[in-house]
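>>> Fold the following and give me the result.
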Amino acid sequence: DKITFPTADSLTFNVPTEEGPDPQRHLDVILVHHHAARQRYGGPYDPATPTPPLCSSYDGVRGHGEPGGLCGTCKYNQVGPDAECKPYRWLYLLFPESVFPTFFALPRTSLSRKLTNGIAKYLVGLAKGGRNKMKGGLWPWEVVTRIGLADRQRGVGKVATFTEGPRLSSENADVVKEYVKSFRAALIFPTVGRSASSFDLD
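Numbers count the residues shown, from 1 in each chain. As a prediction, this is how the structure comes out:
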């Protein structure tokens, strides 16, 4: 399952369920895994008829496809809403009672390091011990993370916010730690040339 980033006038996330989309103001989840990503399409992305990206990067450093190579020196690595190659941070969220993570892609507008409650500052804060300054720091999967929405400071639309919630018990944290290891080991990314359905993550 995946959660699409809300539209500019939306105040809720549409969480997929067996009964259909469930609108929620916040996502209270365990952040199982996250990584940088980039995708370049030949035209506007159409979720109704998804097509493979021309080039993809699953670490934000090296692309695969056309043109491929180092993202930092690529001519398509541009800033702005009209840039062909768009940066993301892909999140894998574990909801209560769920067996598999839910995919959620943070767009460029939610990646600024200047955001007070943005993911960059949130992750740094956890690494420094979180709100209780835990010695040795905290992994994202050791706490419940609340993901919300706030208006952009500039322009139209929303940005994702991140707030530290309750810490998991040591027993639950141990279980989740093994879950995270298994998930990361099993995570496989599509390569250019596979069917279009393999790329339906944008």
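>>> The longest strand belonging to the chain: what's the following helix or strand?
Secondary structure of the chain per DSSP state E: the longest strand is strand 27-40. Downstream of strand 27-40, the first helix or strand assigned by DSSP states H and E is strand 55-57.
>>> Give me the mean pLDDT for that following strand.
Strand 55-57 comes out with an average pLDDT of 92.
>>> which residues are contacting it?
Defining contact as CB atoms under 8 Å, 6 or more residues apart in numbering, one finds that strand 55-57 is touched by 36-40, 63-68, 71, 76, 85, 189-190, 192, 199. Where C-beta positions appear, they are placed from N, C-alpha and C, glycine not excepted.
>>> can you do 7 Å?
Strand 55-57 has contacts (CB atoms under 7 Å, 6 or more residues apart in numbering) with 37-40, 63-68, 71, 85, 192.
>>> Which of those sits closest to L138?
Nearest to L138 among these is A37, at 23.9 Å by CB to CB.
>>> That closest one reaches K86, doesn't it?
No: using CB atoms under 7 Å, A37 is not in contact with K86; the gap is 9.2 Å.
>>> if I look at the nearest residue to D1 once chain neighbours are set aside, how far off is G42?
Excluding its sequence neighbours, the residue lying closest to D1 (CB to CB, 6 or more residues apart in numbering) is P16, at 4.3 Å. P16 is 28 Å from G42, where distance means CB to CB, to the nearest Å.
>>> Can you list the low-confidence ranges for the chain?
45, 47, 81, 191-202 (pLDDT under 70).
>>> Could you give me the buried positions within the helix ranked longest in it?
Looking across the chain with DSSP state H, the single longest helix is helix 170-186. The neighbour-count check on helix 170-186 (16 or more other CB atoms under 10 Å) flags A173, V176, Y179, V180, F183 as buried.
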